[in-house]
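> make a model of this:
(one chain, ligands or ions: 2)
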Amino acid sequence: MSAMAEAWRARHPGHDVRLAQALGDPAEIDVAVCWFPPPGVLASLPRLRLIQSVGAGIEHLLHDPLLPRHLPAFRIIDPQMAEGMAAYVSWAVISAQRGMSRYTEAQRAGLWATAEVEPPRQHRVGILGLGALGLNCARTLSALGYRVVGWSRSAKPDLPAAVEGFVGAAQLPAFLGRCDSLVCLLPLTAQTHGMLDAALFAQLPVGAHLINVGRGDHLVEADLLAALSSGQLGLATLDTFSVEPLPAGHAFWGHPQVRITPHVATRTPLDVIAAQLLENLQGLSHDTPSARQVNWARGY
Ligand code: NAP
Ligand code: GLV
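Ligands and ions are numbered 1, 2, ... in the order given. Below you'll find the model as predicted:
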């Protein structure tokens, strides 16, 4: 956070930005901008009016057992972030569906080796979570010609015509049966924790590709390793992990069917955090409802 604070001060000299380790007088703090807030710090700020997550997710805030949940908390919803995620997910789907790694290997060996070209429309992509990020991925992949299905808690009346929506636990099995690639873009909640498990993998087409850009704790790691060994899954592209950085020696590092990126699928630009924070603060003063406000009861 210190690099972020420095950059923030440089770009917004009017803001009094303080790090958790050097807050000064706690009674001077109005707003907390957090990823993992040190436990207890937020509860110790008597004037605190607003909690701002630096990302789209908010479950990391809950690691603080004393989190003042009576205060409004906001997450980031931003088109640039959604574009970054759609670009990452498109890379993950396309590179695997077109078998691009074999051309990299062939080039290294000086070989001109062609393979069948399977058109996108023969490949089905399912997206768990049709929120700010998932919906944009659905649109992008559908525009590229992939057959896209999506799953959410509530029905989505405004889906693009080519994207079929599935809703709730009852429709999950039908959804999963249509996912050659499965993208997890769910928030981490009590309902979604550990849902990428053996029972879910068994409902995917044999050899499916799992792309987890949600959170590491959506995934039961041992079940993924077993599903890759048995052939039930063919490949996993993982951007998020239960423990980050992924520990040295972890089975995922050298696994031939696992592709790892270090939680970089997308990022929130600093200026966006600053601008949304100010808007959120003003909205509070005017009692304006915001889609960015966290619903603690729902968990996201
Ligand atoms: P969002 O707008 O809140 O969307 C969440 C979606 O998940 C919604 O469609 C929601 O359904 C659905 N959902 C939630 N709980 C569900 C359940 N129990 N059953 C079925 N559907 C459920 O969130 P977002 O902005 O798209 O972000 C999604 C997640 O992406 C974040 O929470 C974070 O974990 C992850 N993320 C990762 C990165 C990265 O770099 N890897 C970056 C940013 C975010 P409704 O529409 O019906 O509410
Ligand atoms: C990143 O993972 C975020 O939640 O924005």
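> which residues of the stretch 151-300 of the chain lie near ligand 2?
Residues of the stretch 151-300 of the chain found near ligand 2 (CB under 6 Å from any ligand atom) are Thr268. To be clear about C-beta, it is placed using only N, CA and C from the backbone, and glycine gets the same treatment.
> how about the strands in the stretch 151-300 of the chain?
Counting by DSSP state E, counting those that start in this stretch, one finds strands in the stretch 151-300 of the chain at the ranges 164-167, 181-184, 208-212, 233-238, 258-260.
> hey, which of those is tucked in deepest?
strand 181-184 (a mean of 28; mean count of other CB atoms under 10 Å).
> strand partners (parallel or antiparallel) of it?
strand 124-128 (parallel), strand 208-212 (parallel) (DSSP bridges).
> can I get those strands in JSON lines including mean pLDDT and distance to Ala297?
Below are these laid out as JSON lines (pLDDT from 0 to 100; distance: least, CB to CB, whole Å):
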{"stretch": "strand 124-128", "mean pLDDT": "99", "distance to Ala297": "21"}
{"stretch": "strand 208-212", "mean pLDDT": "99", "distance to Ala297": "26"}
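> nearest to ligand 1, out of those?
strand 124-128 (6.9 Å; CB to the nearest ligand atom).
> ok, and what's touching that closest one?
With CB atoms under 8 Å, 6 or more residues apart in numbering as the test, strand 124-128 has contacts from 93, 134, 137-138, 141, 146-151, 175-176, 178-186, 205, 214.
> host element of Pro65?
Per DSSP states H and E: Pro65 is located in neither a helix nor a strand.
> and the pLDDT at it?
pLDDT, Pro65: 97.
> roughly how far apart are it and Pro37?
Distance of Pro65 to Pro37, computed by CB to CB, to the nearest Å: 11 Å.
> closest to Val272 out of the strands of the stretch 151-300 of the chain?
Smallest distance to Val272 across these (CB to CB): 23.1 Å, for strand 181-184.
> show me what contacts the spatially most central residue of the chain?
For the chain, Gly214 is the residue whose C-alpha lies nearest the centre (CA atoms, centre = their mean; 3.5 Å). Gly214 makes contacts with Leu128, Gly129, Cys184, Leu185, Leu186, Pro187, Leu188, Thr192, Thr240, as judged by CB under 8 Å, 6+ apart.
> so the residue of the stretch 51-200 of the chain found nearest ligand 2 is in which element?
Per CB to the nearest ligand atom, Gly55 is where the stretch 51-200 of the chain lies closest to ligand 2, at 2.3 Å. Using DSSP H and E, Gly55 falls within no helix or strand.
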